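>>> sequence isn't available, so here's the structure alone:
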């Protein structure tokens, strides 16, 4: 039985890596399908929920992205990646105040890292009133 469980974990890791590769390659639909399957297998995994939200965001499905990202933040309030993505989605949905709140939390969680840097860029754009950009030109667009 232990071999089956270990094999299952290896498959989940492989699927997650595949989903992230799809995101890097710009295939949001394949990424969404992969992460939707992973969320079905592991609904309490905040990283999978966040990646599903990013996939929806890249497809332009902002409501679905927001829902997945809110779930990710509920599961792991310290996941800066999810907070930054949620801030981006909220900004693109014209919800400035909650977007700013999420971006500030992302910066707090990752002040000197890549997520914090992205959150700072988006926040500066909001403050300069140049963000969100037109559809298809955002951080994930």
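It's in. Because the structure is predicted, anything quoted here is derived from the model rather than measured.
>>> so residue 57 sits against residue 89, correct?
Yes: in terms of C-beta atoms under 8 Å, residue 57 counts as a neighbour of residue 89; the distance is 5.4 Å. Placement of C-beta: from N, CA and C, glycine included.
>>> what about the two, which has more around it?
residue 89 (31 against 26; other C-beta atoms under 10 Å).
>>> who's in contact with that one?
By C-beta atoms under 8 Å, 6 or more residues apart in numbering, the residues touching residue 89 are 53, 57, 62, 65, 66, 69, 99.
>>> how many neighbours does residue 54 have?
There are 29 residues near residue 54, going by other C-beta under 10 Å.
>>> which non-adjacent residue is nearest it?
Of all residues not flanking residue 54 in the chain, residue 85 sits nearest, at 5.4 Å (C-beta to C-beta, 6 or more residues apart in numbering).
>>> helix, strand, or coil at that neighbour?
Using DSSP: H, G, I helix; E, B strand; the rest coil, the three-state assignment for residue 85 comes out as helix.
>>> now do it against residue 69, distance only.
5 Å (C-beta to C-beta, to the nearest Å).
>>> same deal with residue 116?
On the measure of C-beta to C-beta, residue 116 and residue 69 end up 17 Å apart.
>>> ok, residue 79 - contacts?
Listed by C-beta under 8 Å, 6+ apart, the contact set of residue 79 reads 46, 47, 50, 72, 73, 109.
>>> circling back to that earlier point, find the residues that touch each one of residue 85 and residue 69.
50, 53, 57.
>>> quick check: next helix or strand after the top helix by length along the chain?
The residue-count maximum for a helix in the chain (DSSP state H) belongs to helix 2-25. Downstream of helix 2-25, the next assigned helix or strand under DSSP states H and E is helix 28-41.
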